[in-house]
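Asks: Please find the sequence and the predicted model below.
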Amino acid sequence: MILKAIFIFLAFMLVLAMFGKWRFPGQARLAQAKCPKCLRYRIGKGPCQCEKSRK
């Protein structure tokens, strides 16, 4: 009985690992939301704070 529970747990963990490898929708959009210079997230459509402070 205990071995059966262990095998079920390991199978469940394997399925979770497989789902974790998939690319979920919205990840590309989050990567584009980062500033390429300082790697902080931009909020809104305007320029990043690091670009504003240089002007």
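Replies: Here it is on my side, so go on.
Asks: From residue 22, how far out is residue 39?
Replies: 24 Å (C-beta to C-beta, to the nearest Å). (C-beta placed from N, C-alpha, C; glycine too.)
Asks: ok, residue 20 - how many residues close by?
Replies: 8 (other C-beta atoms under 10 Å).
Asks: C-alpha coordinates for the longest helix along the chain, CSV please?
Replies: Criterion DSSP state H: the longest helix present in the chain is helix 2-21. C-alpha atoms of helix 2-21 as CSV (Å, rounded to 0.1, in the frame of the first residue of the first chain):
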residue,chain,number,x,y,z
ILE,A,2,2.8,2.4,0.9
LEU,A,3,4.7,1.6,-2.4
LYS,A,4,1.5,2.3,-4.3
ALA,A,5,1.2,5.7,-2.7
ILE,A,6,4.9,6.5,-3.4
PHE,A,7,4.5,5.5,-7.1
ILE,A,8,1.4,7.7,-7.4
PHE,A,9,3.2,10.6,-5.8
LEU,A,10,6.2,10.2,-8.2
ALA,A,11,3.9,10.0,-11.2
PHE,A,12,2.2,13.2,-10.1
MET,A,13,5.6,14.9,-9.6
LEU,A,14,6.6,13.8,-13.1
VAL,A,15,3.4,15.2,-14.6
LEU,A,16,4.0,18.5,-12.8
ALA,A,17,7.6,18.7,-14.1
MET,A,18,6.4,18.1,-17.7
PHE,A,19,3.8,20.9,-17.4
GLY,A,20,6.5,23.2,-15.9
LYS,A,21,8.6,22.8,-19.0
